[in-house]
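Q: structure, please.
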Amino acid sequence: MSTTAAAAMTMLAIIAQDQVALRATPATTSSANAQLWQGELVEVRGRHLGQLQVYDHRLERAGYVRETEARVIGTGTDDAPQLLAVLRFLRDTPGAESLGIAYAAAYLKATPAAGITPEVFDALGVMAERLERGAALRPGKIDAVAAHREVATQYGVKFVSYTSAQPAGGGASGAESVQLCYDGDAFRRVLGMDGTGGSAVATPEQRARAVLALSRPECIDPTLSPGARASVNEENEKLLDQIDAASGAPLEPALDNRLHMRRAATLAAIAFDRYRAQQSSQDVAQRAIDELAAVDKSQLQEGDSADYAQAAIRVGVVRWAAQTAAATTARLQVQLQPGEAGQTCVRLSDRFAKTPATLAEHCTYGAVWAASARAMPEGRALALSVEPVDGWGELWIWHQEPDGWKLDVVTPESSGTGLGYVEWAGWSPASRGKVLIVRETIAGGRVKRRFEVLRTDTLVTEKSAGDPGQLAAFGLWSDVAWKQATVSLR
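A: Numbers count the residues shown, from 1 in each chain. Below you'll find the predicted structure:
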């Protein structure tokens, strides 16, 4: 018998349940040679007393499983419609990702290349991405999720993990975090199916899902150099812009919202990159603001709230880049000067001094948003927004002390991890010595937003609330322009 004929006669089965015992004999009391998980592909070599005699090529183990614990499948052309029907059912079934991936692989094997449509790659990508997030979606089942990922790799699905330490405010290091990401191969195949070479054409929705999966900011390698990371952000922007250019039909509201949110987040990152490269970031920052404003909040689905918060925080960090620093009549002013390579030095000066008087100076490698400078009318303090790292906005506050001018850095969170910003919201009269701020952070999927009243001399929080309406100081002293432009009141 030829090898081809032998291969055609090979009978395959997919394990349909978790923790299936691969037993040495058909008896249910027999010892187990291995434990199998849903989606595992085995070769069927016989049947005996309601048991399948199988061989697992990945584990290189033979044994028996109950017929009810596996599904015998065919991989001929005639079997493709049935395999696709099962795949469609499993595509949106949480917890069945490895099983669905197995059926996707079987369908691809059964279907001639010319007959393959983007649907199967779209489904494969959706399930792989959901499996990537399995530990968050299925708490308490970490072992099962890990086993399902291992099964998925049997079919060529690849995951990559990134370990990073988010820099804390002031330059200290935060706790390490690990991000697992699907490598996106199926989604790239979807985008490649554009009708060229006789291939099927992906629908706008399929293309949109692919672009969203391939442009996730959390899946950019944190070890990349600033220049390489900036290139990835620019490529992601091009991917996102392709959807509008290629699609003549409107997308469903949920997908449209996700595209606006992803563009806002990506453009905010590009604004930071361009500042670091000494390029104008005003236009791209304004586009980020516009994309966030285009989100229809009434159409946000339950799972989109975290992405919306992330996009809003990223825009909140860079929104000052969209403004031009205007001439001011305030007594305190700041001038930006180049420092060492890559540094920006901020000089605080007194405009009313008879000779130009430098009151203080501080240098940073971060982005200094000069348009954010806000001086206390009485000339006793000044606030300035600075972005030391992408997605992390701090507030510098200079205040006058008996022994001179002191600079304090107010950070979004003391731990210095995740995304966040802190911004100035107003001054009280100097006799009261208060500054109003808002802090917003997101870490571990949780959003925290606090409106605070701080003493100007010590920067100790006197009062705080989750709603500015609960603080009398915000009703009396919050800045009108801040109310109009901040994203914290979204």
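Q: tell me the phi and psi of Gln19?
A: When quoted as degrees, to the nearest 10, the phi and psi of Gln19 stand at phi 50, psi 50.
Q: what about the strands in the stretch 101-250 of the chain?
A: 159-167, 173-182 (DSSP state E, counting those that start in this stretch).
Q: let me see the mean pLDDT of the shortest one.
A: By that I understand strand 159-167. The predicted model gives strand 159-167 an average pLDDT of 75.
Q: is it true that Ile14 touches Arg71?
A: Yes: assessed by Cβ atoms under 8 Å, Ile14 is found in contact with Arg71 at 5.2 Å. C-betas here are computed from N, CA, C, even on glycine.
Q: which one's more surrounded, these two?
A: Ile14 (21 against 16; other Cβ atoms under 10 Å).
Q: what average pLDDT does the helix or strand where the more buried one lies get?
A: Per DSSP states H and E: Ile14 is located in strand 11-15. Averaging pLDDT along strand 11-15 gives 96.
Q: distance from that strand to the middle of the chain?
A: 37 Å (Cα atoms, centre = their mean, to the nearest Å).
Q: my read: Gly418 touches Ile442, true?
A: Yes: assessed by Cβ under 8 Å, Gly418 is found in contact with Ile442 at 5.6 Å.
Q: for stretch 277-296, measure first residue to last.
A: 33 Å (Cα to Cα, to the nearest Å).
Q: got a pLDDT number for Asp283?
A: 97.
Q: using the three-state scheme, assign it.
A: helix (DSSP: H, G, I helix; E, B strand; the rest coil).
Q: where does the stretch 51-200 of the chain have low pLDDT?
A: 135-140, 165-176 (pLDDT under 70).
Q: switch to 80 and redo it
A: 135-141, 164-177, 197-199 (pLDDT under 80).
Q: secondary structure class of Val447, three-state.
A: Quick answer, by three-state DSSP: Val447 is strand.
Q: show me where the stretch 351-490 of the chain has its strands.
A: Under DSSP E, counting those that start in this stretch, the stretch 351-490 of the chain gives strands at 357-364, 367-375, 381-389, 392-401, 404-410, 419-427, 434-443, 446-455, 461-465.
Q: dump the last one to CSV, restricted to CA.
A: It refers to strand 461-465. Extracted in CSV, the C-alpha atoms of strand 461-465 (Å, rounded to 0.1, in the frame of the first residue of the first chain):
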residue,chain,number,x,y,z
THR,A,461,-4.0,66.0,50.3
GLU,A,462,-6.6,67.7,52.5
LYS,A,463,-9.8,66.3,50.8
SER,A,464,-10.5,64.0,47.9
ALA,A,465,-13.5,62.4,46.2
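Q: buried ones in the helix or strand where Arg262 lies, by neighbour count?
A: In this assignment (DSSP H and E), Arg262 forms part of helix 253-276. By 16 or more other Cβ atoms under 10 Å, the buried positions in helix 253-276 come out as 255-276.
Q: now Pro94. Its backbone dihedrals?
A: phi -60, psi 140.
Q: residues near it, how many?
A: 11.
Q: over to Ser385?
A: Count around Ser385 with other Cβ under 10 Å applied: 26.
Q: so who does it touch?
A: Each residue near Ser385 by Cβ atoms under 8 Å, 6 or more residues apart in numbering is listed here: Trp320, Trp369, Ser372, Gly393, Glu394, Leu395, Trp396, Tyr421, Glu423, Trp424.
Q: same thing but at 6 Å, please
A: By Cβ atoms under 6 Å, 6 or more residues apart in numbering, the contact set of Ser385 is Trp320, Trp369, Ser372, Gly393.
Q: and the residue nearest to it when sequence neighbours are not counted, how close does it get to Thr25?
A: Nearest-residue entry for Ser385: Ser372, 3.8 Å, with adjacent residues in sequence omitted and distances by Cβ to Cβ, 6 or more residues apart in numbering. Remark: distance between Ser372 and Thr25 (Cβ to Cβ, to the nearest Å) = 74 Å.
Q: neighbour count: those two, which is higher?
A: Set Ser372 next to Thr25 and count neighbours by other Cβ under 10 Å: Ser372 wins out with 21 against 13.
Q: and that one, what pLDDT?
A: For Ser372, pLDDT reads 97.
Q: let me see the contact set for it.
A: Neighbours of Ser372 in contact, by Cβ under 6 Å, 6+ apart: Trp320, Leu384, Ser385.
Q: with Gly316 instead?
A: Tyr421, Val487.
Q: how many residues are close by the residue nearest to Val438 when sequence neighbours are not counted?
A: The shortest distance from Val438 to any non-neighbouring residue, by Cβ to Cβ, 6+ apart, is to Ser488 (4.6 Å). By the criterion of other Cβ under 10 Å, Ser488 has 19 neighbours.
Q: show me the shaky parts of the stretch 351-490 of the chain.
A: Ranges of the stretch 351-490 of the chain meeting pLDDT under 80: 354-356, 415-418, 443-445.
Q: give me that answer again for 70
A: Looking at the stretch 351-490 of the chain by pLDDT under 70, you get 356, 416-417.
Q: returning to what we had before: can you put the strands of the stretch 351-490 of the chain in CSV and add distance to Pro250?
A: Converted to CSV, those look like this (distance: least, Cβ to Cβ, whole Å):
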stretch, distance to Pro250
strand 357-364, 44
strand 367-375, 35
strand 381-389, 35
strand 392-401, 34
strand 404-410, 43
strand 419-427, 30
strand 434-443, 30
strand 446-455, 29
strand 461-465, 40
